[in-house]
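[1] make a model of this:
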Amino acid sequence: IEMSMILDMSGSMNEGTKLPDLKLAAQDLVDIIVWNNQTQYTSKVALIPYATAVNAGTYANAARGNPILGSCKTLGCLLQQFLNPYGTRLQYSLSSCVTERTGAHAYKDTDPTTAPVGPNYPSLNNPCTSEPVTPLTNNKDTLTKGIKALKAGGSTAGQVGVAWGWYALSPKWSDVWPAASRPTEYGLPNVRKIAVLMTDGEYNSSYCKGVISQDSSNGSGSILDKINCNAPNGGAYDQSEKLCAAMKQSGVTIYTVGFNLISNVEAVNLMNHCASTPNSFYNAANGEQLRQAFRDIALKVSKLYLTQ
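    From the prediction side, this is the model:
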């Protein structure tokens, strides 16, 4: 079993006890999925926190390419100069976060050497997500440490989270990950690839040239901090649905979990459309329901192992 947990870490997750509740639910899933005896069958989990973008950490250069020293007006430099929608010139620094890729490979899991992902030049008011991704592992201590370190903040580029949930499971990305974290090939008879997509619903940030686009929706930060171009791929919800469809086509089973989901048709549609079956969408109103949803998913998946 290879599973990616795609976890919403945007600022709204700081409301009430949402973040502590999510940490408990994620730990429950790890405790059930990552069994102690891995001699015959293995079970590995990847953690993909997302908010303003996805923090690729030490894997950033492999995914987006090595940065160019200095300041320039094009992609790839450590410092990027651009105009905001009011014509004011700004300069942002490259972060270890990454954004969506555009063009022919936007909704594919093509290896990043062929199609690098987008860089991230964040505003100081909406910084890079703090906790980096954890690739597939069956080390419970590593996963527990990653869960405990999760922090919420910033806007929500859910499409980048969905993409990286797929990349963590894709054999085409094997060269990016450490040897022990490399996914198996698609279609093997005793392999199940599973993604669990969790959100409280508001996908509001899309990118143009590595900066939040001027057509991003409410909640994506001040218009003064954005770039003066629209997102080539369109809105975050639409991008996410296209990525989910492509991921399922590759053989990945997707479970979706809404947590105190906002009253928004696009958010509900996203959860329904991304889920592999109607029974694969869970809508949790509180922390206990969230934990029950994660446990239920974990037990369903574990049955695959128990029936071998």
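[2] give me the element Gln289 is part of.
    Element membership of Gln289 [criterion: DSSP states H and E] is helix 287-306.
[3] buried sites along that helix?
    287, 289-291, 293-294, 297-298, 301, 305 (16 or more other Cβ atoms under 10 Å). All C-beta spots, glycine's among them, are computed from the backbone N, C-alpha and C.
[4] contacts for that helix, please.
    The contact list for helix 287-306, computed with Cβ atoms under 8 Å, 6 or more residues apart in numbering, reads 1, 3, 17-18, 20-22, 24-26, 28-29, 32-33, 35, 41, 43, 192, 194, 196, 255, 257, 259, 282, 284.
[5] name the nearest of the buried residues of helix 287-306 relative to Val162.
    Of all the buried residues of helix 287-306, Ile297 has the smallest distance to Val162: 16.8 Å, by Cβ to Cβ.
[6] isn't Leu94 up against Leu78?
    Yes. Using Cβ atoms under 8 Å, Leu94 is in contact with Leu78, at 5.1 Å.
[7] so what sits against both of these two?
    Joint contacts of Leu94 and Leu78 (Cβ under 8 Å, 6+ apart) are Pro67.
[8] neighbour-wise, which of these two wins?
    Leu94 (21 against 14; other Cβ atoms under 10 Å).
[9] residues touching that one, list them.
    Leu94 neighbours (Cβ under 8 Å, 6+ apart): 67, 77-80, 119-121, 210.
[10] let me see the contact set for Met3.
    By Cβ under 8 Å, 6+ apart, Met3 lies in contact with 33, 43-46, 193-196, 301.
[11] okay, stretch 140-147 in CSV with CA atoms only?
    The C-alpha coordinates for stretch 140-147 follow below in CSV (Å, rounded to 0.1, in the frame of the first residue of the first chain):
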residue,chain,number,x,y,z
LYS,A,140,6.2,5.9,12.1
ASP,A,141,8.5,8.2,14.0
THR,A,142,9.2,10.2,10.8
LEU,A,143,5.5,10.4,10.1
THR,A,144,4.5,11.3,13.7
LYS,A,145,7.2,14.0,13.7
GLY,A,146,5.8,15.5,10.5
ILE,A,147,2.3,15.5,11.8
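[12] in it, what counts as buried?
    140, 143-144, 146-147.
[13] which residues are contacting the one helix or strand Thr256 maps to?
    Using DSSP H and E, Thr256 maps to strand 253-259. Outside strand 253-259, the residues that touch it by Cβ under 8 Å, 6+ apart are 8, 18, 21-22, 192-201, 244, 247-248, 267-268, 270-272, 274-276, 280-284, 290, 293-294, 297.
[14] just the buried residues of the residues you listed.
    Counted by 16+ other Cβ under 10 Å, the contacts of strand 253-259 give 8, 18, 21-22, 193-201, 244, 247-248, 267-268, 270-271, 274-276, 280-282, 284, 290, 293-294, 297 as buried.
[15] next step: those restricted to strands.
    Among those, the members found in strands (DSSP state E) are 8, 193-199, 281-282, 284.
[16] could you dump those residues into TSV with distance to Pro183 added?
    As requested, those are exported to TSV (distance: Cβ to Cβ, whole Å):
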residue	distance to Pro183
Asp8	23
Lys193	7
Ile194	12
Ala195	12
Val196	16
Leu197	17
Met198	21
Thr199	23
Phe281	25
Tyr282	25
Ala284	28
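[17] what's the farthest-apart pair in those?
    The largest separation in these, counting by Cβ to Cβ, is between Lys193 and Ala284 at 23.7 Å.
[18] quick check: which element contains the nearest residue to Ala26 once chain neighbours are set aside?
    In space, Ala26 comes closest to Ile147 once its chain neighbours are excluded; the distance is 4.9 Å by Cβ to Cβ, 6 or more residues apart in numbering. For Ile147, the host element (DSSP H and E) is helix 140-148.
[19] mind checking what helix or strand follows that helix in sequence?
    Defined by DSSP H and E, the subsequent element after helix 140-148 is helix 158-167.
[20] any idea of the angle the least confident helix or strand in the chain by mean pLDDT forms with strand 253-259?
    Lowest on mean pLDDT, DSSP states H and E among the helices and strands of the chain sits helix 287-306, with a mean of 89. If you take axes from the mean of the first three to the mean of the last three Cα atoms, to 10 degrees, helix 287-306 sits at 170 degrees to strand 253-259.
[21] could you check the angle strand 193-199 makes with helix 287-306?
    Helix 287-306 runs at 180 degrees relative to strand 193-199, counting by the same axes, to 10 degrees.
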